[in-house]
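Undergrad: structure for the following, please:
(one chain, ligands or ions: 1)
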Amino acid sequence: MCGIFGIESHADAANLAYLGLYALQHRGQESAGIVSWDGQRMHVERGMGEVADIFDEAVLSRLAGDSAIGHTRYSTAGTSMLANAQPIVVMTSMGPLGIVHNGNLVNAVEIRQRLERDGSIFQTTSDTEVVLHLMARSPRADVVESLMVALGEVRGAYSLLLQAEGCLVAARDPFGFRPLMLGDADGSPCFASEVGAFDLIDAKPVRELKPGEIVVSRGGELEFYRLPQVPQPTRCIFEHVYFARPDSVVFGDAVSEVRLRLGSQLAKESAVEADLVSPVPDSGVFAALGYSRASGIPFEFGLIRNHYVGRTFIEPRNAIRHFGVKVKLNPVRPLIEGRRVILVDDSIVRGTTSRKIVKMVRDAGATEVHVRISSPPTAWPCRYGIDTPNRSELIAANQTVEEICGFIEADSLAYLSMDGMLGSVSGEPGSYCTACFSGEYRVPMSREDERQHTLFPIRTEGSE
Ligand code: AMP
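TA: Now for the predicted structure:
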């Protein structure tokens, strides 16, 4: 989970990067940063919190230059602290390098231990820094060549941007786990995790980078390279289910359309009589709409979300727990009172939020509450960059659907089938990563990385 944005050969690079990050805020709210290159020097500004809290005119004015990359972060590897905020910038014999990364490497710990034994000193605990170290040690003098050497060693999920002297490099891992788009802002090449960032700055989306593709922008001119190919891509289906903005186009499909299909398929698979369909906003909105259209049961906003509170689950501090679901969601009583409600959400992780929402809707007077989930049970942790807790905390890893229904105190609970989910996207079923639902990890994690992940699980505090 992270949002990345970059633009090259534009007089207003840092300002546009800031706006791009604004549009990618949903991909991470823990920290944000921008590095710019002015032809002589790199400038970097990073901070904890949201984009709007970190950047103002004074900060942006320090980011001189016509090339910039930026990042919004939610940590999946490495702990939450300013040192881990990206971009990470280092000095090398190739000049200064800045990097931003979305995804998670599955052999970073192994490589890091080897490099540390050889004397490398790491500045951060983030997996991303490994790429810079590998580049710095590479015997090649050229940035692109040494990046290719480094990427030949790391495994896992990465969409990344690299700011170097005189060029901006974008790379997507050979499996294509995470999205990365190429755009055109009035002749200036730009890159973003999602097209929403281009819309905001009036840039045109050109295309998605291919899995394993490297695109270099140098003075506004593009060069294209390829990493060794893998038999088939493994694109994260959870981007469609939950993570991406519904106004984005991811892996060739409009996210809104996919979510409508997930919802209508869910209605076909697990119909139930009710008076209204309500989403758990915002993640359930399009699936609920699809459910309503397919079932003919009216769509209503039975719950209202307070948009001024950070997104559920992403805020890592313990304290938020106690504010509970109420700080984010509130029922619309007149819609719910005396009625049978179908609640549509995209996933259940720990089940604690769902349980509170069901109770909230019941307390508002619903006579029945039926929960419908627009993906299969989340029974396995993600190793490729989505923030999910350990298996022991995933309710679907430990309980049957019936037991989960009992835990969340719903009248009924149904999940979408795996085939139903894969039938809602246009790519070949085998070209998506479904590890969080199936446990099928196509890119295995190294033993050292696995150990580290178990010892220091990702610090999600759940969505309460
Ligand atoms: P819970 O019922 O406590 O498991 O929380 C479920 C809620 O968490 C659903 O509304 C999901 O939209 C949301 N959710 C699922 N996966 C994630 C994630 N990786 N990050 C943030 N929220 C998530």
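Undergrad: got the domain ranges for the chain?
TA: Domain ranges of the chain: 2-232, 239-307+322-441, per automatic domain parsing.
Undergrad: could you give the separation of the longest one from the chain centroid?
TA: Relative to the chain's own centre, domain 2-232 is displaced by 15 Å; criterion: CA atoms, centre = their mean, to the nearest Å.
Undergrad: check whether that domain contacts the ligand.
TA: No. Using CB under 6 Å from any ligand atom, we find that domain 2-232 stays clear of the ligand, coming within 8.0 Å at best. For glycine as for every other residue, the C-beta is placed from the backbone atoms N, C-alpha and C.
Undergrad: other residues contacting stretch 348-362?
TA: Stretch 348-362 is contacted from outside by 278, 280, 302-303, 312-313, 324-326, 329-331, 336, 341, 343, 345, 369, 371, 373, 377-378, 388-389, 393-396, 404, 407-410, 460, 462-464, using CB atoms under 8 Å, 6 or more residues apart in numbering.
Undergrad: off-centre distance for it?
TA: 23 Å.
Undergrad: tell me which residues of it are tucked away?
TA: 348-358, 360-362 (16 or more other CB atoms under 10 Å).
Undergrad: buried subset of the contacts of stretch 348-362, written for ChimeraX?
TA: Remark: buried members of those, expressed as a ChimeraX selection using 16+ other CB under 10 Å:
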select :278,280,302,303,312,313,325,329,331,336,341,343,345,369,371,373,377,378,388,389,393,394,395,396,404,407,408,410,460,463,464
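Undergrad: after the lowest-mean-pLDDT helix or strand in the chain, which helix or strand is next?
TA: Every helix and strand in the chain was compared by mean pLDDT, DSSP states H and E; the lowest is helix 320-323, with a mean of 49. Following helix 320-323 in sequence order, the next helix or strand is strand 329-331 (DSSP states H and E).
Undergrad: I'd like the next helix or strand past that next one.
TA: Following strand 329-331 in sequence order, the next helix or strand is helix 333-336 (DSSP H and E).
Undergrad: contact partners of that following helix?
TA: Counting by CB under 8 Å, 6+ apart, 276, 278, 300, 301, 302, 361, 364, 365, 366 sit against helix 333-336.
Undergrad: buried ones in stretch 51-63?
TA: In stretch 51-63, the ones that count as buried by 16+ other CB under 10 Å are 51, 54, 55, 60, 63.
Undergrad: ok, the closest residue to the ligand within the stretch 1-150 of the chain - how many residues close by?
TA: Closest contact between the stretch 1-150 of the chain and the ligand, by CB to the nearest ligand atom, is at residue 1 (6.7 Å). By other CB atoms under 10 Å, the residues close to residue 1 number 27.
Undergrad: with adjacent residues omitted, what lies nearest to it?
TA: Sequence neighbours aside, residue 74 is the residue nearest to residue 1 in space, at 4.5 Å (criterion: CB to CB, 6 or more residues apart in numbering).
Undergrad: hmm, the one you found is touching residue 28, no?
TA: Yes. Residue 74 lies in contact with residue 28 (CB atoms under 8 Å); the separation is 3.6 Å.
Undergrad: settle it for me: which of these two has more neighbours?
TA: Higher neighbour count among residue 74 and residue 28: residue 28, with 27 against 24, using other CB under 10 Å.
Undergrad: report the contact partners of that one.
TA: 1, 2, 3, 71, 72, 73, 74, 314 are the contacts of residue 28 under CB under 8 Å, 6+ apart.
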